[in-house]
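J.: take a look and give me a structure for this.
(one chain, ligands or ions: 2)
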Amino acid sequence: MAFEYAPAPESRSIVDIKPSYGLFVDGEFVDGRGTSFKTINPATEETLAEVAEASEADVDLAVRAARRAFRGWSRMSGKERAKYLFRIARIIQERGRELAVLESIDNGKPIKESRDVDVPVVAAHFFYYAGWADKLEYAGLGPNPQPLGVAGQVIPWNFPLLMLAWKVAPALACGNTVVLKPAETTPLTALLFAEICQQADLPPGVVNIVTGASSTGQALVSHPDIDKVAFTGSTEVGKAIARAVAGTDKKVTLELGGKAANIVFDDAPIDQAVEGIVSGIFFNQGHVCCAGSRLLVQESVADEVMAKLKRRMGTLRVGDPLDKNTDIGAINSREQLDRIRELSEVGESEGAERWSPACDLPTSGFWFPPTVFTGVTQAHRIAREEVFGPVLSVLTFRTPAEAVEKANNTPYGLSAGVWTEKGSRILHMASQLRAGVVWANTFNKFDPASPFGGYKESGYGREGGRQGLAAYLKGAQG
Ligand code: NAP
Ligand code: MG
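T.: Ligands and ions are numbered 1, 2, ... in the order given. Okay, the predicted model is just below:
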């Protein structure tokens, strides 16, 4: 039985959401020439602000501003560029509470995650790449590394500020300038970041933010004067972007979807593994590209793991993202909720067994209870397709070879998890799994020094670490 907790809401008075926002171009907020759209709080469906939708002409102005700024920024010494990045990192820390509250309001994620994961990792990324800015020639990427030019960056809604940091920090450290398009449902923290760039006295045009929907993204990636496209999002859109830039000399990195296997062997510390299964799939409502959405559990411990997992799921608190006790917040949009519902219904109709703990969901806003499917086979759609929600599919295996085969039986290859007491087994599995990151006895851990990226339909190129610099330097692989 779960304890009852009194509500412990974080105050939202720290954020000042304006009724409307323009675009951030050449160091200033400007009115867009296109229309505008609303961003809402997915936990209440309340409209938060009107945001400008950048037209093709607006995107062109932003790219021109970035091109003008590139001259000075790329010639500035790495040591000077680092000062700006360190300053931005420190302001992010200073304004951390504000950023976390705003992220939770616009996105729906629990405040304990935005406060303890997103924002600290964002600051860490800026600190990390600030440290590289004056050491690029020691990165092993050639004797005289040169920036590419202007980067067009398009990011999704699941980690709005973190995906911005993954893209902006390495680009700037290497001497590039950027035009970034945040997702339509989560533009607000990118706009607050624009304010932080002003506060840090970043030279105008080095960072430009163009809000909008898919047509703004299309205008950006197909703009003839950008040198680099960095995209994080769905595999479908990633493929469209790859087609849009084919035949140009734009450099491209794509961070796409995933369907990770989280593999629990019979010698694993079961209680720890259960915690890892829970954070693997229920962290950020399961809106995580590297989520451990396929649990592969060794048959001999499957009953024990399932019993403990269900008991643990019964203690998860779903509700108000700003409540400090909340484990699972709101689903980011009605569209995403519909997709989760649809795939879950398919799971049932294809014969898997669905289970959720009893939980009261709020009446307004978008919510989905933590859900687990057992009796899943590899042919089921819930085992093959990304649900991108708090939905776990459970499969069993008998031998390590069978675990490897099932884990790799996916068009994706972004991440995987291995739970076992044997170090040799960890190393063996890591060498066999076709996944960009393999976690051992942990899951969903992010560190700026560690490269992240996919195999197969999960994309190409790496973000983070020394490897993440390669994506923004001439001649380097990445
Ligand atoms: P999405 O539909 O692909 O959208 C991603 C971004 O691309 C959004 O800003 C979107 O704008 C924009 N966009 C849409 N169509 C475009 C086009 N034709 N040209 C240029 N830009 C376009 O993905 P999503 O549903 O927001 O995000 C979820 C997906 O992202 C999942 O598949 C997840 O696995 C993946 N993801 C991957 C990683 C990783 O690092 N590998 C990290 C996080 C998420 P709108 O917002 O206006 O649609
Ligand atoms: Mg929103």
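J.: let's see stretch 242-250 as CSV, backbone CA atoms only.
T.: Provided in CSV are the C-alpha atoms of stretch 242-250 (Å, rounded to 0.1, in the frame of the first residue of the first chain):
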residue,chain,number,x,y,z
ALA,A,242,18.0,13.1,-45.0
ARG,A,243,16.1,13.3,-48.3
ALA,A,244,15.8,17.1,-48.1
VAL,A,245,19.6,17.6,-47.7
ALA,A,246,20.7,14.8,-50.1
GLY,A,247,22.9,16.2,-52.8
THR,A,248,24.0,19.2,-50.8
ASP,A,249,27.2,19.5,-48.9
LYS,A,250,25.5,20.0,-45.6
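J.: contact residues of the stretch 151-300 of the chain facing ligand 1?
T.: 154-158, 181, 183-184, 213-214, 217-218, 221, 232-234, 237, 240-241, 255-258, 289 (CB under 6 Å from any ligand atom). Glycine gets a C-beta too; all of them are placed from N, C-alpha and C.
J.: from those residues, which ones fall inside helices?
T.: 214, 217, 218, 221, 237, 240, 241 (DSSP state H).
J.: now do the same contact list for the fourth one.
T.: With contacts defined as CB atoms under 8 Å, 6 or more residues apart in numbering, residue 221 is in contact with 152, 154, 229, 231, 241, 244, 245.
J.: now the residue of the chain most remote from its centre: closest residue in space, sequence neighbours ignored.
T.: For the chain, the residue at maximal distance from the C-alpha centroid (CA atoms, centre = their mean) is residue 300, at 34.6 Å. Leaving aside its chain neighbours, residue 300 sits nearest to residue 266 (4.7 Å; criterion: CB to CB, 6 or more residues apart in numbering).
J.: got the residues of the stretch 151-300 of the chain near ligand 2?
T.: Within the stretch 151-300 of the chain, the residues that sit near ligand 2 (CB under 5 Å from the ion) are residue 185.
J.: and the buried ones among the residues of the stretch 151-300 of the chain next to ligand 1, selectable in PyMOL?
T.: Only the buried members of those enter the following PyMOL selection, criterion being 16 or more other CB atoms under 10 Å:
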select buried, resi 154+155+156+157+158+181+183+184+217+218+221+232+233+237+240+241+255+256+257+258+289
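J.: residue 268 belongs to a strand?
T.: No. Residue 268 is assigned coil when assessed by DSSP: H, G, I helix; E, B strand; the rest coil, not a strand.
J.: that one and residue 417 touch, don't they?
T.: No. Using CB atoms under 8 Å, residue 268 is not in contact with residue 417; the gap is 10.4 Å.
J.: neighbour-wise, which of those two wins?
T.: residue 417 (29 against 23; other CB atoms under 10 Å).
J.: in contact with that one, which residues?
T.: Here residue 417 is in contact with 260, 261, 262, 263, 276, 280, 292, 438, 439, 440, 442, 443 (CB under 8 Å, 6+ apart).
J.: among those residues, which lie within strands?
T.: Residues of the contacts of residue 417 located in strands (DSSP state E): 261, 262, 263, 438, 439, 440.
J.: from these, pick the one nearest residue 130.
T.: residue 439 (26.7 Å; CB to CB).
J.: tell me the pLDDT at the closest residue to the closest one other than its chain neighbours?
T.: Once flanking residues are discounted, residue 439 sits nearest to residue 417: 4.7 Å by CB to CB, 6+ apart. What the model reports as pLDDT for residue 417 is 98.
J.: so where's the stretch 301-450 of the chain uncertain?
T.: Filtered on pLDDT under 70, the stretch 301-450 of the chain yields no residues whatsoever.
J.: centre of the chain to the top helix by length along the chain, how far?
T.: Across the chain, the helix with the greatest residue count (assigned by DSSP H) is helix 56-75. The chain centre lies 26 Å from the centre of helix 56-75; the measure is CA atoms, centre = their mean, to the nearest Å.
J.: who does that helix touch, helix- and strand-wise?
T.: Contacts defined by 3 or more CB pairs under 8 Å, 6 or more residues apart in numbering; DSSP states H and E place helix 56-75 against strand 23-25, strand 150-154, strand 177-181, strand 207-209, helix 214-221.
J.: quick one: residues contacting the spatially most central residue of the chain.
T.: What sits nearest the mean C-alpha location of the chain, by CA atoms, centre = their mean, is residue 159, with 4.1 Å. Contact analysis of residue 159 by CB under 8 Å, 6+ apart lists 118, 284.
J.: now swap in residue 450 and tell me
T.: 437, 464, 465.
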